[in-house]
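Colleague: I'll drop the sequence and a predicted model, then ask my questions.
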Amino acid sequence: MSGRLFGLTPVLVSLLVVASAQQSAFAEPLFSPGQRVILSACWRPPEGMNYFCNNGLTRGSGSWYVRFPTTSDEVSQELLPLEGPPPVGPHAAAKADMATGELKTSIVGKDPFADLSSAVAEASLFDRISLQRDGASSGADQASSAQVKFVIDGRANFAFGSAVMASFSIKDGSQPPDRENPDAPVGYLLSYSARWVPGGLTAGVINTDLVHEIFSVVDPDNNGSFGVEVSLPLNDLLEKPLEFSLSLYTYGTGDAVLDFWNTAKLSLTLPEGYSFTAENGLLSARSGGPDGGAVGVPEPTSLALVLSGLLAFGMYRRAYH
């Protein structure tokens, strides 16, 4: 395995190292199989020391949201179903849809003072995909490659301490975990992680053999587009279970506005003569095209990136209780 890091700060480098160690310690992905939405909206009144929090966790598909509570009577552990775009007022919202491969998050902060409110919105997807050559097709080329492109678009008006993190990984699922040695290398074909904070956007890739391009663009209005494009050699990967995982994690403080409802997208384009199946129905609502079946796939997750974000949020909340 070769590796290269692109424009990474020391903090993110250490984060990726920790991520790798945490991933190898798990026999199976934390939320395998399926999808996951995590939401939390917490507010502390100026005269008080305790936070009021609405939060919830679900494995169901669809859109969910929570509003910032203002009293203990409004505290809830349930997610509210969301039809259409997120509400206008302060909220945390997320969507994970296996059939369409969509991940969306949105945070509109409650308070202009960074130490008085915080919110988390995270959406994650995981599935096992198997690529195959269609026997009846004469157009299949054994030297062909599948093109995979992971792109995230959104707008981030940060407050101090806010962050956007995203990750995408492809793992060879035919390599069973070494339960006797949790530190043994995990068979990742690709692991991409990105982190956008008030100081800028950084991204890194572990195993660059398959990478064609890593890109990021942020304009003066804090609209950002970032991701990675890779090429998978089909002849080496046919009939193997490939574990696609993705996560989009947003953490907002104060009056931050993190609008990633434009969604994170992973596209998979197969050449003529090839197809794929997904254990949990990933991209089952896709539509093929003249380019050989362009597929909108969910972005995958570096498990440790999710865990580290949740740990940081938990430490942040405990500090104020």
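Modeller: Structure's in. What do you need? Residues are numbered from 1 along each chain as shown.
Colleague: could the C-alpha coordinates of stretch 107-121 be exported in PDB?
Modeller: Only the C-alpha atoms of stretch 107-121 are listed here, as PDB (Å, rounded to 0.1, in the frame of the first residue of the first chain):
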ATOM      1  CA  ILE A 107     -27.500  23.100  10.800                       C
ATOM      2  CA  VAL A 108     -28.800  26.600  11.600                       C
ATOM      3  CA  GLY A 109     -27.400  27.800  14.900                       C
ATOM      4  CA  LYS A 110     -29.500  29.300  17.700                       C
ATOM      5  CA  ASP A 111     -27.300  31.800  19.500                       C
ATOM      6  CA  PRO A 112     -24.600  34.200  18.400                       C
ATOM      7  CA  PHE A 113     -22.400  33.300  21.500                       C
ATOM      8  CA  ALA A 114     -20.300  30.200  20.700                       C
ATOM      9  CA  ASP A 115     -20.400  28.800  24.200                       C
ATOM     10  CA  LEU A 116     -24.200  28.800  24.500                       C
ATOM     11  CA  SER A 117     -25.400  26.500  21.800                       C
ATOM     12  CA  SER A 118     -24.100  23.600  19.700                       C
ATOM     13  CA  ALA A 119     -25.600  21.100  17.200                       C
ATOM     14  CA  VAL A 120     -24.600  17.900  15.400                       C
ATOM     15  CA  ALA A 121     -26.000  16.500  12.200                       C
END
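Colleague: please identify the buried residues of it?
Modeller: Neighbour-count burial for stretch 107-121 flags 107-111, 114, 116-121 (criterion: 16 or more other Cβ atoms under 10 Å). Just so you know, the C-beta spots here come from the backbone N, C-alpha and C atoms, and that holds for glycine as well.
Colleague: neighbouring strands - and their directions - for the helix or strand harbouring residue 81?
Modeller: Following DSSP states H and E, one finds residue 81 within strand 80-82. Strands that pair with strand 80-82, judged by DSSP bridges, come out as strand 62-67 (antiparallel).
Colleague: what sits up against the strand it pairs with?
Modeller: 37, 39-41, 54-56, 58, 76, 79-83, 86-87, 89-95, 97, 104, 106 (Cβ atoms under 8 Å, 6 or more residues apart in numbering).
Colleague: quick one: buried ones out of the residues you listed?
Modeller: In the contacts of strand 62-67, the ones that pass as buried (16+ other Cβ under 10 Å) are 37, 39-41, 54-56, 58, 79-80, 82, 86, 90-95, 97, 104, 106.
Colleague: sort out for me which of those are in helices.
Modeller: Among the buried ones among the contacts of strand 62-67, no member is found in helices (DSSP state H).
Colleague: if we can go back for a sec, quick one: which of the buried residues of stretch 107-121 is nearest residue 160?
Modeller: residue 114 (4.7 Å; Cβ to Cβ).
Colleague: quick one: pLDDT of the closest one?
Modeller: The score at residue 114 is 60. That number is its pLDDT.
Colleague: could you dump the buried residues of stretch 107-121 to CSV with distance to residue 216 and secondary structure?
Modeller: Formatted as CSV, the buried residues of stretch 107-121 follow (distance: Cβ to Cβ, whole Å; DSSP: H, G, I helix; E, B strand; the rest coil):
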residue, distance to residue 216, secondary structure
107, 21, strand
108, 24, strand
109, 24, coil
110, 29, coil
111, 30, coil
114, 25, coil
116, 31, coil
117, 28, strand
118, 26, strand
119, 24, strand
120, 23, strand
121, 21, strand
